[in-house]
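[1] Got a predicted structure here, sequence first:
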Amino acid sequence: MGAGRFDLDPGAMERLLEEAREHRGESLWQDARRRLRRNRPAWYALLFLSVFALTSFLAPLLPLRSPVLSDLDHALEAPSLDGGDSTWLAHLGEAPEEKDIERAYWQLSGLDHALLRARRGLFGTWQTGTWLGTDHLGRDLLSRIVWGSRTSILVALAATLCSLMIGVFYGSLSALLGGRLDNLMMRIVDILYSVPFIFVVIFLITLIGDHRETLEQQYGLDREKVFYLVIGAVYWLTMARVVRGQVLSLKRSEFVEAARVMGAGTLHILVRHIVPNVLSVVIVYLTLTIPAVMLFEAFLSFLGLGVEPPKVSWGLIAVDGTSAINPLAIHWWVVLFPALAMGSTLLALNVLGDGMRDALDPKMRGKD
């Protein structure tokens with residue numbers, strides 16, 4: 001046996017390999033998932049949000065009443081588990097035409113039409129009763145909450161992803177460029193921060209509203225899509241600052257310097273090295289941004305600047321709830337159930353965000 005050389009018999013080699021397999025390391029994401037599951041409140045919040053999102057997505061498949069059709073004879077009807085006499089097919093007819101679908105709902109997507117057809121095959125004429133009561137126009141509150149959650153969740157996800165793309169790119173590029181360019185880019189962020197968001201959104205929505213037909217015909221951007229983009233365009237500022245701070249702590253790291261020595265450009269370093277290493281912070285921030293965007297959407301819809309009827313959102317349901325509060329009679333169900341749905345969702349998102357922050361903290365890696 002020569003110097004510096006070790007010969008192992010096959011049995012010893014097999015034992016070493018078996019020991020290595022037993023003590024195999026785990027990635028940051030595997031460790032984060034394990035610790036997230038140990039955090040019971042965060043894990044239950046994730047399960048609740050998953051079920052809630054699935055229910056919202058499958059709203060056309062569920063045997064719910066129409067969230068749009070009104071029945072003034074049953075206006076402000078208290079919650080009841082009685083199914084009643086009306087059936088779902090009574091609204092649409094035995095062979096519903098396209099106009100009947102739009103009257104009972106609104107202009108739906110192809111996927112929603114397919115889910116409605118599947119619903120007729122699964123449930124026939126059966127539908128839920130007024131389990132959560134009706135509003136001042138006799139519309140089913142349960143159906144409006146479920147369908148409204150679809151709009152609110154879509155707005156939150158679209159706006160958050162829009163802010164993610166702008167904020168991560170802008171903040172990362174600013175930190176990597178450094179010097180005067182970094183200073184100039186962050187002063188622009190400071191200027192934008194000084195302008196109240198609500199004024200910016202009102203101005204943009206009003207300005208775009210004047211060219212609404214042109215946007216829909218030439219670019220396929222309806223008011224709802226523009227609404228997503230506008231909210232996302234004003235929520236990227238904090239994301240840019242958070243990412244910039246993380247990139248500044250990484251730009252002098254050994255792996256970044258090694259990439260520069262090997263001839264990698266700024267864009268290559270940004271995409272291949274910097275962004276993957278700040279994803280954990282970005283994901284945590286996203287879970288905390290979604291509740292803020294949902295509240296902002298509800299506020300704008302409450303003011304009449306967001307989602308338009310006949311579509312439903314939690315903000316429009318809140319507008320309907322104001323009519324239930326008067327000195328003569330308080331119809332509690334019109335206020336309580338939408339508030340519970342929105343409050344539980346926002347609470348679950350905040351609990352999940354707190355749990356994700358602990359699970360993805362590199363300092364906590366390997367600790368129970």
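    Received it, and whenever you're ready, just let me know what you need.

[2] Flag the shaky bits of the stretch 51-200 of the chain, pLDDT-wise.
    Scanning the stretch 51-200 of the chain for pLDDT under 70 picks out the ranges 81-104, 106.

[3] how about the helices in it?
    Counting by DSSP state H, counting those that start in this stretch, one finds helices in the stretch 51-200 of the chain at the ranges 88-92, 98-104, 110-123, 141-177, 179-194, 197-209.

[4] can you check the stretch 201-350 of the chain too?
    Going by DSSP H, counting those that start in this stretch, the stretch 201-350 of the chain shows helices at 212-214, 223-234, 236-250, 254-261, 266-269, 275-303, 314-322, 332-359.

[5] Mind putting these into JSON lines with distance to Leu49, mean pLDDT and mean neighbour count?
    Heads up, the C-betas are built off the backbone N, CA and C, glycines and all. Formatted as JSON lines, the helices of the stretch 201-350 of the chain follow (distance: least, Cβ to Cβ, whole Å; pLDDT from 0 to 100; neighbours: other Cβ atoms under 10 Å):
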{"stretch": "helix 212-214", "distance to Leu49": "34", "mean pLDDT": "70", "mean neighbour count": "11"}
{"stretch": "helix 223-234", "distance to Leu49": "20", "mean pLDDT": "74", "mean neighbour count": "19"}
{"stretch": "helix 236-250", "distance to Leu49": "21", "mean pLDDT": "85", "mean neighbour count": "20"}
{"stretch": "helix 254-261", "distance to Leu49": "34", "mean pLDDT": "81", "mean neighbour count": "12"}
{"stretch": "helix 266-269", "distance to Leu49": "35", "mean pLDDT": "78", "mean neighbour count": "14"}
{"stretch": "helix 275-303", "distance to Leu49": "10", "mean pLDDT": "79", "mean neighbour count": "19"}
{"stretch": "helix 314-322", "distance to Leu49": "15", "mean pLDDT": "81", "mean neighbour count": "21"}
{"stretch": "helix 332-359", "distance to Leu49": "5", "mean pLDDT": "86", "mean neighbour count": "19"}
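
[6] need these in TSV with distance to Phe57, can you?
    Shown next, in TSV, are the helices of the stretch 201-350 of the chain (distance: least, Cβ to Cβ, whole Å):
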stretch	distance to Phe57
helix 212-214	28
helix 223-234	17
helix 236-250	26
helix 254-261	40
helix 266-269	36
helix 275-303	16
helix 314-322	16
helix 332-359	14
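
[7] I'd like to know which of those lies nearest to Ser109.
    Taking Cβ to Cβ, helix 223-234 is the member of these nearest to Ser109, at 11.7 Å.

[8] chain center to that closest one: distance?
    Chain-centre distance of helix 223-234: 14 Å, with Cα atoms, centre = their mean, to the nearest Å.

[9] ok, now stretch 307-323?
    On Cα atoms, centre = their mean, the centre of stretch 307-323 falls 19 Å from that of its chain.

[10] Ok, stretch 167-187 next?
    Using Cα atoms, centre = their mean, the offset of stretch 167-187 from its chain centre is 27 Å.

[11] In it, which residues are buried?
    167-176, 182, 185-186 (16 or more other Cβ atoms under 10 Å).

[12] Give me the residues contacting that stretch.
    With Cβ atoms under 8 Å, 6 or more residues apart in numbering as the test, stretch 167-187 has contacts from 189, 236-245, 247-248, 251, 266, 269-270, 274-275, 278, 282.

[13] Quick one: end-to-end distance for that stretch.
    15 Å (Cα to Cα, to the nearest Å).

[14] One more: stretch 34-42?
    Its first and final residues considered, stretch 34-42 spans 12 Å by Cα to Cα.

[15] Could you give the average pLDDT over that stretch?
    Stretch 34-42 carries an average pLDDT of 86.

[16] can you tell which of the helices of the stretch 201-350 of the chain is closest to Pro196?
    helix 223-234 (9.9 Å).

[17] Counting by contacts, list what that closest one packs against.
    Contacts defined by 3 or more Cβ pairs under 8 Å, 6 or more residues apart in numbering; DSSP states H and E place helix 223-234 against helix 141-177, helix 197-209, helix 275-303.

[18] what angle sits between it and helix 197-209?
    Helix 223-234 runs at 140 degrees relative to helix 197-209, counting by axes from the mean of the first three to the mean of the last three Cα atoms, to 10 degrees.

[19] center of this structure - which residue?
    Leu157 (3.2 Å; Cα atoms, centre = their mean).

[20] dump the residue contacts of that one.
    Taking Cβ under 8 Å, 6+ apart as the test, what Leu157 contacts is Ile290.

[21] Check Trp147 too.
    59, 64, 67, 312.

[22] from those residues, which is closest to Ser344?
    Using Cβ to Cβ, the contacts of Trp147 come closest to Ser344 at Ala59, 17.4 Å.

[23] how many neighbours does that closest one have?
    Ala59: 20 surrounding residues under other Cβ atoms under 10 Å.

[24] Against Val351, how distant is Thr206?
    Remark: distance between Thr206 and Val351 (Cβ to Cβ, to the nearest Å) = 37 Å.

[25] likewise Phe123?
    34 Å.

[26] for Ile325, same thing?
    Ile325 sits 29 Å away from Val351, taking Cβ to Cβ as the criterion.

[27] Gly148 too?
    To Val351, Gly148 is 22 Å away according to Cβ to Cβ.

[28] burial of Val271, as a residue count?
    13.

[29] likewise Arg65?
    Around Arg65 there are 25 other residues, counting by other Cβ under 10 Å.

[30] Excluding chain neighbours, what is closest to it?
    Spatial nearest neighbour of Arg65, excluding adjacent residues (Cβ to Cβ, 6 or more residues apart in numbering): Asp140 at 3.9 Å.
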